[in-house]
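Visitor: Need the 3D shape of this:
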Amino acid sequence: MARSKTGEAISARGRSPSARKQLRRFIRQRAKTGDLAEWRRGRAVLSYIEGRPVIVIATELDVTRGAVYRWLQWYEAMGVAGLVTGKAPGPAPRLSAAQQRELTALVEAGPLPAGYPSGVWTGPMIGDLIRRRFGVHYHKHNVPRLLHELGFSVQRPRKRLARADAQAQATWLREQLPAIKKKARACRGVVMFGDEASFWLDGSLHRTWARVGVQPHVDTYGLRKTAHVFGALSLEAQPQFDYLFAPVFNGDTFLLFLQQLVAGSRRKLFLILDNGPCHNLKEDGKAWLARHQHRLELFRLPAYSPNYNPTEGAWKETKKRTTHNRFFRTVEERDAALVVTFESFKANPALLAGQVRRFLG
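Guide: Prediction:
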């Protein structure tokens, strides 16, 4: 745009009283919403219409003269709509809507059904799939962008036991768990989930922040020296946690844990367990349980259903707080750290509230 006399860059239509009124309204609205970019464009155009030189406008608004000339062109072509910030439309998609839907289904199905000998999708692999399936070539740097547009992100898979019976799990969640909760409410008892976990002396490794190119190290003796711990978590908004260290996991130590739970509660306990072998009581344990049925009843989860036991989440939280990337010099040091974490669970039930929340409804 050549430099012209004042007002000549904008036609009479853009300088009319109604156009100026609309422009002033635009400026006021952008001032209220704090949109500095659009306010500046409107202010520049109005100043130009009112007779101020472009060089003065550019200086006052701290922009280049080229920017002011562009805004004047936009206003002349589209009115105030030309001053609104818009996102560039970008190139047309190289895959049609139908092809994008088909690609979405292929990615969701996984690499194996698509003919790749892997369980993990990679960008180059999906690029190859697009080329073979649709005859369209995507650079490897553009594949992640396409996947994000289709609603995908990089995620870590969660294990699901192949031997689990999905129908049995659904039935347990829909029918059996509500029945157990109903029994507990009838006698003002409490539902609990029980489990056991092992913690090695050499701790556990977990991702952490570190300098790029500098891999963090955690000292270790390379020894297991396992701590065996029974644990139970109540099904309450503020869940109560109880635990017992044991030399081994078997029917005898499990009985000791049951006796500790009963002794520590005034309410009847409805304890839900997995099908681990250590939960099989011996004859003396069965006799004790029969004598204390007014204080304790045991129930079983469907086979291979650790994701239905919130105590598993308590163990994960324990590792996060206690053993991840930690070096323990002695068994006593490790066990003391575990006790600190377990006691914090007891003192602050909110720490484990998220583990039971989905079973409370």
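Visitor: Look at the residue nearest the centre of the chain and report its pLDDT.
Guide: For the chain, Gln155 is the residue whose C-alpha lies nearest the centre (CA atoms, centre = their mean; 9.4 Å). Gln155 is assigned 74 on the pLDDT scale.
Visitor: That one belongs to a helix?
Guide: No. Counting by DSSP: H, G, I helix; E, B strand; the rest coil, Gln155 is located in no helix; its state is coil.
Visitor: Buried residues, stretch 276-286. List them.
Guide: By neighbour count with 16 or more other CB atoms under 10 Å, stretch 276-286 contains the buried residues 278-279, 281, 285. C-beta coordinates here come from the backbone N, C-alpha and C atoms, glycine included.
Visitor: now the residues you listed as TSV including secondary structure, distance to Glu76 and pLDDT?
Guide: Below are those laid out as TSV (DSSP: H, G, I helix; E, B strand; the rest coil; distance: CB to CB, whole Å; pLDDT from 0 to 100):
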residue	secondary structure	distance to Glu76	pLDDT
Cys278	helix	82	94
His279	helix	81	95
Leu281	coil	88	95
Gly285	helix	90	96
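Visitor: Would you mind putting the CA coordinates of the one helix or strand Glu60 maps to into PDB?
Guide: Assigned by DSSP states H and E, Glu60 falls within helix 54-61. Output in PDB follows, covering the C-alpha atoms of helix 54-61 (Å, rounded to 0.1, in the frame of the first residue of the first chain):
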ATOM      1  CA  VAL A  54       0.700   6.200  10.100                       C
ATOM      2  CA  ILE A  55       4.200   6.800  11.600                       C
ATOM      3  CA  VAL A  56       2.700   8.500  14.600                       C
ATOM      4  CA  ILE A  57       0.200   5.700  15.100                       C
ATOM      5  CA  ALA A  58       2.900   3.100  14.900                       C
ATOM      6  CA  THR A  59       5.100   4.900  17.400                       C
ATOM      7  CA  GLU A  60       2.200   5.300  19.900                       C
ATOM      8  CA  LEU A  61       1.100   1.700  19.600                       C
END
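Visitor: Just the buried positions in that helix, please.
Guide: Using 16+ other CB under 10 Å as the test for burial, helix 54-61 gives 54, 57-58, 61.
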